[in-house]
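Chemist: predicted model follows, preceded by the sequence.
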Amino acid sequence: MSFAYADTLERMAKAAHSLKGEANALHVRAKAYQDKGEKEAAIRVLKKQLDIGKKIKDQAIQADAYNGLGGTYQDFYQNDSAQYYLYLAAKYSRKIGDLENLASAYSNLGNVYADAEFPDKAIEYLEKALKIRLQVGDDRKTIFTYNNLAVAYNGKNDFDKSMEYSRKGIDMALKNNNKFVAGVMIGGVCHLLHKLGKNQEALPNCEKSIQYLQEANRETNLVFPYINSTAVYNSLGQPQKGLAFAMKGYAIMQKHKLLDPLAVYYEEIARSYELLGQPKEALVWYKKFRALDDSLFTIDNSKVLADMEAKYQTQKKETEIINQQLKIEKQESVLFRQQTWIWGLIAAFLAFALLGWLFWNRFRLRKKVELDAALIEEQQLGLNAVIEAQEAERKRIAKDLHDGIAQEMVALKLGFSALQSKIANIAPQEALQIGQLAQQLDESCTEVRNISHTMLPPMLEQHGLAPSLEMLLRNTLQSTALQYEFESSLVPEHLDEKVEIGVYRVAQELLNNIVKHANAGKVLVILYLAGGSLILRMEDDGQGFDFERARAQGSMGLLNILSRVSTLGGVFQTEGATPKGTISIIRIPLNDPEK
């Protein structure tokens, strides 16, 4: 996969106006980022692919993206995220019957659990992947699943099962005439049996590994079964045979200038010579092993002897020097004690000064915190007073409108109606005009009452917050094209008056913003109790809202919302909705939700 190929696919998809094609191009680009090792870039691209899949409701694209995200997070060793996305990949792949992707999701989940050292869960998902791959006949991936199961059972210390799956993988590799893979896997079995002390069983596996790798013409890979054979023969007390295999492998390593596993060769050859009773040759190879094992020093025998001689001569001179140094050290000891005393006093003074500064700084910070708390409390009290004054003024104006102006307008309307009746027979044309005036006056009365109810909704006091919010939605949106839904759960009929009024005013402000600025088609309002808090959630599908930008610009509506929520000790937050719109959430703590 390459970026150039992804660019070509993207251009073709955009030319054809194909979102599905764009999604496929994004998947290719993500694979290119993965191959390059840029995992974070791959995740960003895969999430774009996922968004397109959701937008066009294509579950195959979503399953593909989820699987890619799971695998990428697995590479990051973020197992929680990997499990989440791989579960979704399996869910969508199962829905659409994509067995190949489903097996891949199961296999990746198994590997995630294996990395997290949960072998039972790893085996559960790897067995599911194996079942599907056997069903669809995907031999190539089945071989690797057998190998992963062998590793998982090994992690569970179930060596019999581990060996069983290794054998199955080897058999399938041979069935597909892949003697190279079979030779490598059999070599691994040989090494495992040797580690378990089953050298008689390990030996034929080493021989088979050598045979298959020779037939596959993989000379450089032969160095591993050769040295494994040496280790086995050494453990069986047959060092002569072991040495013969080691020398064959060592010749290949010299021919191809290989470095791995050169140290193992040196060690096992030395061991063979030692078992053969040839300590001189064993010493030569042990020295090679030690020299290679220590990458900082490569020392030949003459250098070692020269160093030892130099050390001997040096030791004689040091004996003479030590006697002289003893005299000097006595003098220096006296001087050192004096200096130590002086520096001790200086250190004590500095420590005392530092301690004093720390206490002073702590006192200063504590006072600052107290001052800030007092200032915040004073600001809160002032804010509460302003809001209470606003509500009192709203009540007064609402009462004046309802009991004063509205009643006078009703009386005036009744007077017009009576006048219309009196002159209907005498001046019908004028009576008609008076009737129209009466109708206009009646509409004005209704508008005045609506304004009064908006400023002080009677339902809030009579029926509580939830019915009042539902009526607010109906009255505000009835003259618009906006659809709305309202849900309420576990909310008592009446709450504290300040809470009811505060939440109602915030809902008014949010609703006005949606009507004026959001360009939305639908509004969802949910009011519920959770964790001792009253929560209002308002969601629209409009053009979105930049909370930080509005706050920086000093939006009066937003400042009003923040002020009211703050006075109630609550929290206000916004976030983007999917695929578009805004979600606003107000959370108000309640001391006693039943009151």
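Modeler: Yes, it's here.
Chemist: mind checking pLDDT for Arg364?
Modeler: Reading off the confidence values, Arg364 has pLDDT 84.
Chemist: now name the helix or strand holding it.
Modeler: Per DSSP states H and E: Arg364 is located in helix 301-399.
Chemist: part of a helix, is Lys47?
Modeler: Yes: looking at Lys47 with DSSP: H, G, I helix; E, B strand; the rest coil, it is inside a helix.
Chemist: doesn't Asp98 make contact with Ala60?
Modeler: Yes: at 6.4 Å, Ala60 and Asp98 qualify as touching, with contact defined as C-beta atoms under 8 Å. The C-beta positions use only the backbone N, C-alpha and C, and glycine is treated the same way.
Chemist: for the helix or strand hosting Arg44, which helices and strands make contact with it?
Modeler: Assessed by DSSP H and E, Arg44 sits inside helix 39-55. Judged by 3 or more C-beta pairs under 8 Å, 6 or more residues apart in numbering; DSSP states H and E, helix 39-55 is in contact with helix 19-36, helix 59-75.
Chemist: which of the ones you listed sits closest to Arg564?
Modeler: Proximity to Arg564, assessed across the helices and strands packed on helix 39-55 by C-beta to C-beta, is greatest for helix 59-75 (40.5 Å).
Chemist: could you pull out the strands in this structure for me?
Modeler: Under the criterion DSSP state E, the chain contains strands at 483-489, 522-530, 533-540, 571-576, 582-589.
Chemist: which one of the ones you listed lies closest to Leu109?
Modeler: Nearest to Leu109 among the strands of the chain is strand 571-576; the distance by C-beta to C-beta comes to 29.9 Å.
Chemist: contacts for that closest one next, please.
Modeler: Under the criterion C-beta atoms under 8 Å, 6 or more residues apart in numbering, residues 506, 544-545, 547, 561-562, 565, 582-587 lie in contact with strand 571-576.
Chemist: give me the angle between it and strand 533-540.
Modeler: Here strand 571-576 points in a direction 30 degrees away from that of strand 533-540 (axes from the mean of the first three to the mean of the last three C-alpha atoms, to 10 degrees).
Chemist: average pLDDT for strand 571-576?
Modeler: pLDDT averaged over strand 571-576 gives 89.
Chemist: tell me the contacts of the nearest residue to Ala60 once chain neighbours are set aside?
Modeler: Residue nearest to Ala60 in three dimensions, not counting chain neighbours: Ile96, with 5.6 Å by C-beta to C-beta, 6 or more residues apart in numbering. Contacts for Ile96 (C-beta under 8 Å, 6+ apart) come out as 59-60, 63.
Chemist: okay if I get those residues as CSV plus distance to Cys445 and pLDDT?
Modeler: Listed next are these as CSV, based on distance: C-beta to C-beta, whole Å; pLDDT from 0 to 100:
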residue, distance to Cys445, pLDDT
Gln59, 57, 90
Ala60, 61, 89
Ala63, 61, 88
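Chemist: the residue lying farthest from the centre of the chain and Leu419, how far apart?
Modeler: For the chain, the residue at maximal distance from the C-alpha centroid (C-alpha atoms, centre = their mean) is Ile426, at 84.0 Å. When distance is defined by C-beta to C-beta, to the nearest Å, Ile426 is 11 Å away from Leu419.
Chemist: just the pLDDT for the residue lying closest to Phe289 once chain neighbours are set aside.
Modeler: Nearest non-adjacent residue to Phe289, counting by C-beta to C-beta, 6+ apart: Tyr266, 3.7 Å away. For Tyr266, the pLDDT comes out at 91.
Chemist: got it, and the one 4 residues further on?
Modeler: We have a pLDDT of 93 for Ala270.
Chemist: so who does it touch?
Modeler: The neighbourhood of Ala270, defined by C-beta under 8 Å, 6+ apart, consists of 282-286, 288-289.
Chemist: and which of those is nearest Leu432?
Modeler: Phe289 (118.6 Å).
Chemist: and that closest one, how many neighbours does it have?
Modeler: Neighbour count of Phe289, defined by other C-beta atoms under 10 Å: 20.
Chemist: give me the pLDDT value at it.
Modeler: Predicted confidence (pLDDT) for Phe289: 86.
Chemist: my guess is it contacts Glu268, does it?
Modeler: No: applying C-beta under 8 Å, one finds Phe289 not in contact with Glu268, separated by 9.2 Å.
Chemist: before we move on, back to that, adding pLDDT, neighbour count and distance to Lys55, write the contacts of strand 571-576 out as a markdown table.
Modeler: Putting the contacts of strand 571-576 into a markdown table (pLDDT from 0 to 100; neighbours: other C-beta atoms under 10 Å; distance: C-beta to C-beta, whole Å) gives the following:
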| residue | pLDDT | neighbour count | distance to Lys55 |
| --- | --- | --- | --- |
| Val506 | 90 | 24 | 32 |
| Gly544 | 79 | 15 | 16 |
| Phe545 | 73 | 21 | 21 |
| Phe547 | 68 | 16 | 25 |
| Ile561 | 86 | 23 | 31 |
| Leu562 | 86 | 14 | 34 |
| Val565 | 90 | 20 | 34 |
| Thr582 | 90 | 23 | 18 |
| Ile583 | 91 | 16 | 19 |
| Ser584 | 92 | 23 | 24 |
| Ile585 | 94 | 15 | 25 |
| Ile586 | 93 | 24 | 30 |
| Arg587 | 94 | 18 | 31 |
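Chemist: would you mind measuring from the nearest residue to Ala103 once chain neighbours are set aside to Ile586?
Modeler: Excluding the flanking residues, the one nearest Ala103 by C-beta to C-beta, 6+ apart is Ile132, at 4.0 Å. Using C-beta to C-beta, one gets 48 Å for the distance from Ile132 to Ile586.
Chemist: quick one, what contacts the most centrally placed residue in the chain?
Modeler: By C-alpha atoms, centre = their mean, the chain has its centre lying nearest to Ser81, at 5.3 Å. Counting by C-beta under 8 Å, 6+ apart, Ser81 touches 69-70, 73.
Chemist: closest one of the residues you listed to Glu40?
Modeler: Distances from Glu40 to the contacts of Ser81, taken by C-beta to C-beta, are shortest for Tyr73, at 10.7 Å.
Chemist: can I assume that closest one is in contact with Asn67?
Modeler: No: if you go by C-beta under 8 Å, Tyr73 and Asn67 don't touch, sitting 11.1 Å apart.
Chemist: now for those two: what residues contact both?
Modeler: By C-beta under 8 Å, 6+ apart, the residues touching both Tyr73 and Asn67 are Tyr85.
Chemist: follow-up on the earlier one: quick one: which of the contacts of Ile96 is nearest Ser489?
Modeler: For the contacts of Ile96, the nearest to Ser489 is Gln59 (31.2 Å; C-beta to C-beta).
Chemist: I'd say the closest one and Lys95 touch.
Modeler: Yes: the pair Gln59 / Lys95 is scored as a contact, 5.9 Å apart, by C-beta under 8 Å.
Chemist: run a quick neighbour tally on Gly277.
Modeler: Count around Gly277 with other C-beta under 10 Å applied: 9.
Chemist: just Thr480 next, same as before
Modeler: Thr480: 12 neighbours (other C-beta under 10 Å).
Chemist: show me what contacts Ala577?
Modeler: Taking C-beta under 8 Å, 6+ apart as the test, what Ala577 contacts is 539-541, 583.
Chemist: phi, psi of it?
Modeler: Per-residue torsions, Ala577: phi -90, psi 160 (degrees, to the nearest 10).
Chemist: residue ranges with poor pLDDT in the stretch 351-500 of the chain?
Modeler: Residue ranges of the stretch 351-500 of the chain with pLDDT under 70: 372-404, 406-408, 410-411, 413, 446-459.
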